[in-house]
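> Generate a structure from the sequence data that follows.
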Amino acid sequence: MKRNLSLALLLVVASGWYACQRLQAPSPPQQPTAGAPPLQTVSLPSQPVIGVSGSRLIHSSTAQSGTTAAGQIFTPPPGAHTLLKLGFRFHQFNNDGYQPEISYQIMLAEWQVDRPSPVEIWASPAQTLPSISETFKYSWQEFDVPRIKLSAGKQYIAWVTLSDLGNPPGISIGIPDMGPRYRTSPATDPNAVPIHTYAEGRAAFFREANPDGSRTKMTDFAWEEQKPGDNLFFRMLFERAP
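Next up, the predicted model:
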């Protein structure tokens with residue numbers, strides 16, 4: 001009788017362990033729908049960028065003319081007008097051994113002659129960068145966007161600001177420049193030829209005095225534009241039309 005009871009208990013424990021293992025086992029990966037063509041994508045810029053060439057600071061507020069918003073002007077690639085992802089490279093830094101949390105937001109809008117449209121196509125939720133104690137820290141921030149169909153040949157701007165997000169005065173982040181680059185130094189070679197990663201794009205900055213860190217005036221004034229090919233470290237991913 002004892003032996004039968006022990007055997008029954010052993011079977012119960014074993015069956016319970018087996019059921020537990022089945023519950024904890026990972027689900028098999030989903031297979032793509034039969035017959036569905038693979039997603040074709042195009043990135044902008046088309047090639048990964050190596051290294052940086054300087055950086056542009058974005059401040060939470062400025063008593064005099066200074067940058068409180070910065071962005072990248074771009075045109076959708078030919079045959080690929082549906083935006084899937086949007087991101088930018090940035091760095092945090094500090095001179096006092098500590099930098100507090102920073103809130104920022106990235107927006108997408110049409111570029112209207114010399115400024116972003118006041119009507120945004122898309123805006124990220126407010127994001128918080130954790131505080132750092134090191135001297136500086138580079139990172140990427142990237143977002144999935146809701147498959148936004150952009151118009152062929154039209155100019156858009158993806159722009160970042162720290163304003164109107166509760167940041168204390170004096171807070172800033174930097175977005176690296178994305179060229180141009182040179183094989184030889186233009187300081188010593190008068191014939192040095194610039195190499196542009198994305199020759200059709202250009203950076204733009206809101207540089208009006210903004211002591212209260214307000215965002216409302218950012219679409220009321222002209223922005224400072226760079227020459228074509230002088231870009232910031234943004235990247236986008238588009239779906240190619242079938």
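
> where does the chain dip in pLDDT?
In the predicted model of the chain, residues 1-36, 50-53, 95-99 satisfy pLDDT under 70.

> Report the beta-bridge partners for Ala109.
When assigned by DSSP bridges, Ala109 has beta-bridge partners Ile157.

> quick check, distance from the one helix or strand Arg235 maps to to the centre of its chain.
Element membership of Arg235 [criterion: DSSP states H and E] is strand 234-239. Put simply, strand 234-239 sits 10 Å off its chain's centre (CA atoms, centre = their mean, to the nearest Å).

> Stretch 118-132 now?
Taking the mean C-alpha point of stretch 118-132 and that of its whole chain, the gap between them comes to 10 Å (CA atoms, centre = their mean).

> And for stretch 220-231?
With CA atoms, centre = their mean as the basis, the distance from the averaged C-alpha position of stretch 220-231 to the chain average is 19 Å.

> List the strands paired with the strand holding Arg235, with their directions.
Each strand pairing with strand 234-239, determined using DSSP bridges, is listed with its direction: strand 41-44 (antiparallel), strand 82-93 (antiparallel).

> Show me what the helix or strand just after the shortest one packs onto, helices and strands only.
Once the chain leaves strand 41-44, the next helix or strand it forms, by DSSP H and E, is strand 55-59. Contact analysis of strand 55-59 by 3 or more CB pairs under 8 Å, 6 or more residues apart in numbering; DSSP states H and E lists strand 69-74, strand 172-176 as its packing neighbours. The way it works is simple: take the backbone N, C-alpha and C, and place the C-beta from them, glycine included.
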